[in-house]
Structure formats: C-alpha cells, structure tokens
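[1] Build me a model:
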Amino acid sequence: MKSIREALEKLGYTTANSDTYDHIEEWEDWYTGNVEEFHSYSVYNGVNVVKQERERLNMAKTICEDWAGLILNEKVEITAGETFRDTLEHVFEYNDFRTKANQLIELAFAFGTGAFVEYLDEKKEVVIDYIRADMIYPISWENGYINECAFGSVKEGQEGKQIYLQIHKLDESKTSYIIENHMLNAETGEEIEIVDGDMEQEVLTGSDKPLFQIISPNIINNIDLDSPLGISVFGNAISQVKGCDLIYDSYMNEFNLGRRRILVPLSMAKTQMAEQGVSKPVFDPNDTMFYAIPDNRQNLQKIEVMDMSIRAEEHEKGINRALDMLSFKCGMGTGRYKFENGTVKTATEVISSQSDLYRTLCKHEITVGRALRALVERIAFLLGKPIPTKIEVDFDDSIIEDKESERQKDRQDVAMGVMSLVEYRAKWYNETEEEAMSKLPQQADTLEGDI
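    Have a look, this model is predicted:
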C-alpha cells in the first residue's frame with residue numbers, strides 16, 4: 001500500500017524497491033484470475049466491435065494451492081521434545097495454525113513473500129499473525145535475510161478503515177529488538193492516536209532474535225536481484241498461464257459456436273394468425289436452436305440442420321501441452337496436471353525421488369522448515385519456557401514412491417544387526433535416541449513384529 005510506504009518514509013525508514021510491489025499487484029491479478037487487459041478483449045465481426053470475456057482455468061491459483069498442499073499439509077509433524085509438546089499444540093490450536101499456515105504458504109507462493117508474526121495478547125496467550133506480501137515492508141536486510149521489518153494490517157475502526165503498522169527494529173546496540181506500534185488513516189496515511197489501551201507505542205522485547213519469520217519460494221527473485229522480497233512461484237511463467245487460458249477459451253468457443261442450428265425459411269418463422277384472430281409464432285422466438293434465413297429463389301420451404309464438427313480432441317491435446325509447460329516452469333515437472341472431461345485434474349500417484357517435483361519440493365522445504373523452527377523458538381521465548389534443544393519438522397513424504405522401500409531396507413538391517421532398534425525407532429518415529437531408548441522396553445515386542 002502506498003500509504004504505508006509514505007508513512008514509513010515520514011518516520012525515517014527506507015523500504016524495499018517499489019518495483020517489486022508493482023509485480024505483486026500483477027501476480028495478485030493472475031492469482032485472482034482477473035487480468036483486465038488480457039481477459040477482457042474486443043472482436044470485430046464485420047459489422048460491430050463486440051466485447052468478449054475470456055474463459056479461464058485460473059491455473060495460477062491452482063499451482064499455489066498445490067504447492068501449499070505438498071509442503072504443509074495435515075501429515076506434517078512439528079515436534080520440540082516431550083516437555084514442550086502439549087504447550088506447542090495448544091498454541092497451534094489457539095491460532096488455527098494448521099489451516100492458517102497452509103493458507104499463508106499458498107499466499108507466499110502466489111505473491112513471493114509471507115510472514116509469521118507472533119506476540120502475547122492480553123490473556124498472555126501467544127498470537128500468530130499471518131501476513132501476506134503487500135503488507136510486508138523490509139527495512140534492513142543482509143545477504144537476502146530480513147533483519148528489520150514493518151508489517152501492516154487493515155482494521156475497521158470507528159473512524160473508518162485504519163492501518164495498524166508494527167515495526168520490528170533493532171536497538172542502537174543491535175543486540176535487542178524493539179517493536180513500535182502505529183495506527184494510520186487508510187485513506188491519507190496520516191498517523192492517528194492509538195485508542196487501544198492495551199497497546200503500547202513501544203515494546204522492548206528483550207530478544208536478540210526477531211519475533212517474525214519470512215517465508216518465500218526457494219528461488220531467486222530475478223526481477224530484482226537486490227530485493228529481499230521473494231518472487232511468485234509463477235512469476236516467470238505468466239506466458240504459460242496465458243497459454244492455458246487462451247487454449248481453454250478457444251475450447252469453450254468450439255462448443256458455443258459449434259452447437260447445432262436449424263435453418264428455417266423466414267416465411268415459416270413468421271407469426272401466423274390463428275382462427276380466433278390471435279397471432280402466434282410457428283417457432284419459439286427465444287429458442288436459439290432455430291435461425292431464420294431469407295427464403296430461397298425457388299421458395300422451397302425447406303428446413304436444414306447445420307451441425308458443425310467440434311475440434312475437442314485437438315483442443316484437449318493443446319490444453320494438456322500448455323499445462324505441462326506451465327507445470328514445468330513452476331518446478332513441478334511434466335504430467336502433474338491433466339485436462340480431462342472438461343476439468344483439470346491433479347496427479348494423485350506417488351512421485352519418484354528423482355523427479356523434478358521432488359527435488360523442487362525439497363528445496364522449498366528448506367526455507368519453510370527454517371521458518372517453522374524459528375517460530376517454535378519464539379513461541380517458547382514469549383512463554384518464558386526454555387528454548388527446545390531439538391526442533392524437528394517432519395514433512396510429508398508419503399508421496400515419494402521409494403519411501404516404503406527405504407523403510408523395508410532398514411527393517412532388514414535391524415534383522416541382520418546392522419542397525420539397532422534405537423536407531424530405527426529414532427529415525428522412523430521422529431524421536432531422539434534417548435526417547436527411543438526409553439520406549440523400547442515396553443514396545444520392543446511391537447517393534448519386532450513391525451520388522
């Protein structure tokens with residue numbers, strides 16, 4: 001938002017290049033599936049210029065939904081030791097984390113950047129805000145990592161729409177973070193008084209680490225190499241998104257223009273007088289199947305059927321080729337999507353660990369996993385708990401076809417004595433060796449049976 005940038009400049013802060021935010025607006029248009037200059041167009045039919053609205057598959061959103069589902073789904077496990085497990089689960093439930101975090105991943109992959117921001121509310125509960133790219137304004141960064149940042153959110157107040165601006169900055173010694181709170185008029189960007197009595201204008205966190213975590217697709221922002229903001233996962237595939245909509249629009253027109261017509265001589269289509277003197281049409285004038293044409297010279301009063309062939313198969317091949325190109329450009333390889341029976345279907349079969357999709361997925365999990373581990377650390381800090389020594393993010397790898405074969409190999413190694421039961425349990429049950437050792441006595445029989 002321009003008003004946020006202007007307010008930050010008045011407060012003496014310099015933010016990231018504005019060109020990046022222009023691209024965010026473009027990506028948002030493609031994500032919502034409504035790009036005015038592309039989806040609205042005009043065609044001259046020989047008589048008039050006719051306005052048309054292009055049909056769309058809206059694959060930009062589908063791509064982002066798919067990545068969010070692959071990276072952060074219900075099978076992902078975040079663990080931080082036995083003593084902190086219940087507390088962490090409570091915080092996640094309090095913030096509807098499983099749902100909101102997945103949605104944040106989708107938005108981050110659509111607009112290039114997203115953020116978790118955490119704080120304590122009046123009940124001393126940890127609150128996690130989920131911030132999308134157009135409300136994230138980096139203030140200082142180094143080697144691509146954002147050190148200080150401002151976050152905005154729109155609120156509806158008594159005086160209309162307001163922007164709540166939260167600035168996370170380091171103190172003069174660069175050893176501890178300070179959070180500034182500001183309230184702005186959404187229209188003018190002017191600062192207004194904070195009426196919330198529980199909100200302090202400045203908060204000393206006492207933490208040398210930020211109370212926010214940035215999420216971006218793990219790809220280089222080649223639009224602006226110096227920007228700390230990420231790039232949309234389809235930022236380099238706009239042409240391919242257009243291609244999907246162009247071919248799909250043509251496919252839909254085939255059915256619209258190629259539907260059966262019945263050509264009726266004009267004299268037969270005119271109304272006739274009934275015996276009672278009331279006129280009635282021979283054909284329903286609202287029926288688009290019938291089309292009146294001038295009588296021929298012989299006046300043969302002949303009704304003809306016009307049934308045009310539809311190039312459905314050619315269009316379906318074209319759409320599938322366009323989907324493959326888009327999928328490849330977005331890091332998913334080919335064959336991820338298939339156009340069938342008028343809709344796009346996503347492949348549900350397991351994938352190879354050597355595939356483009358798997359390799360790209362592992363790349364994205366690096367940045368997301370780092371953000372999630374930092375989030376857990378900050379939750380513990382806010383609650384005054386010891387920082388867990390081992391925080392694990394176990395991503396869902398059930399879609400990988402050779403995972404079960406790897407587990408079977410480990411079972412054989414245990415049977416041969418090459419791997420111990422402790423190592424096996426620690427690896428496959430996501431436990432430390434100490435935890436695995438403590439659970440072996442009462443579960444040894446179960447483990448032996450599993451092997």
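[2] mind checking how far the most centrally placed residue in the chain is from residue 365?
    The residue lying closest to the centre of the chain (C-alpha atoms, centre = their mean) is residue 106, at 2.0 Å. Remark: distance between residue 106 and residue 365 (C-beta to C-beta, to the nearest Å) = 15 Å. Any C-beta I mention is one placed from the backbone N, CA and C, and that applies to glycine too.
[3] Give me the below-cutoff pLDDT ranges for the stretch 201-350 of the chain.
    Within the stretch 201-350 of the chain, the stretches with pLDDT under 70 are 255, 257-310, 348-350.
[4] Go again with 80.
    254-313, 341-342, 347-350 (pLDDT under 80).
[5] Now do the helices in it.
    238-257, 266-269, 312-329 (DSSP state H, counting those that start in this stretch).
[6] Okay, strands next: where are they in the stretch 151-300 of the chain?
    Ranges of strands in the stretch 151-300 of the chain, per DSSP state E, counting those that start in this stretch, are 160-170, 177-185, 191-192, 202-204, 212-215, 261-265, 271-273, 279-281, 290-293.
[7] Might one say that residue 156 is in contact with residue 162?
    Yes - counting by C-beta atoms under 8 Å, residue 156 does reach residue 162; the two are 7.5 Å apart.
[8] quick check: domain ranges of this protein?
    Domains of the chain are assigned by automatic domain parsing as 2-215, 402-451.
[9] Can you say which of the ones you listed is packed in most?
    A comparison of the domains of the chain by mean neighbour count, using mean count of other C-beta atoms under 10 Å, puts domain 2-215 on top with a mean of 17.
[10] just how off-centre is that one within its chain?
    13 Å (C-alpha atoms, centre = their mean, to the nearest Å).
[11] Also stretch 390-399?
    Distance, centroid of stretch 390-399 to centroid of chain: 20 Å (C-alpha atoms, centre = their mean).
[12] would you put the C-alpha positions of that stretch in CSV?
    In CSV, the C-alpha atoms belonging to stretch 390-399 read as follows (Å, rounded to 0.1, in the frame of the first residue of the first chain):
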residue,chain,number,x,y,z
LYS,A,390,15.9,-30.1,19.2
ILE,A,391,13.1,-28.9,17.0
GLU,A,392,12.1,-31.2,14.2
VAL,A,393,9.9,-30.5,11.2
ASP,A,394,8.9,-33.8,9.6
PHE,A,395,7.4,-33.0,6.2
ASP,A,396,5.0,-35.4,4.5
ASP,A,397,7.0,-37.7,2.2
SER,A,398,4.2,-40.2,1.7
ILE,A,399,4.0,-39.1,-2.0
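[13] what's next to that stretch, contact-wise?
    70-71, 73, 75-81, 350-351, 365, 368-369, 372-373, 376-377, 403, 430, 432 (C-beta atoms under 8 Å, 6 or more residues apart in numbering).
[14] Now do the same for residue 377: helix, strand or coil?
    Here residue 377 is recorded as helix under DSSP: H, G, I helix; E, B strand; the rest coil.
[15] Based on its surroundings, how many neighbours for it?
    Counted with other C-beta atoms under 10 Å, the neighbours of residue 377 add up to 17.
[16] Quick check, it in contact with residue 209.
    Yes - between residue 377 and residue 209 there is a contact at 7.2 Å, judged by C-beta under 8 Å.
[17] Dump the helices of the stretch 201-350 of the chain to TSV, plus mean neighbour count.
    Compiled in TSV, the helices of the stretch 201-350 of the chain are given as follows (neighbours: other C-beta atoms under 10 Å):
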stretch	mean neighbour count
helix 238-257	18
helix 266-269	13
helix 312-329	18
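[18] just so I know, which of these lies nearest residue 141?
    helix 238-257 (26.2 Å; C-beta to C-beta).
[19] other SSEs contacting that closest one?
    Judged by 3 or more C-beta pairs under 8 Å, 6 or more residues apart in numbering; DSSP states H and E, the packing partners of helix 238-257 are helix 18-32, helix 36-39, helix 59-71, helix 312-329.
[20] show me where the stretch 351-451 of the chain has helices.
    Taking DSSP H, counting those that start in this stretch, the helices of the stretch 351-451 of the chain run over residues 356-382, 403-416, 421-428, 433-450.
[21] Out of those, which is closest to residue 320?
    Minimum separation from residue 320 across those (C-beta to C-beta) falls at helix 356-382, 17.0 Å.
[22] Buried residues, that closest one. List them.
    For helix 356-382, the neighbour count (16 or more other C-beta atoms under 10 Å) marks 356-358, 360-361, 364-365, 367-369, 371-382 as buried.
[23] For residue 217, which residues are in contact?
    By C-beta under 8 Å, 6+ apart, the neighbours of residue 217 are 67, 108-109, 112, 230-233, 364, 367.
[24] Would you quantify the distance from residue 128 to residue 406?
    Residue 128 is 34 Å from residue 406, by C-beta to C-beta.
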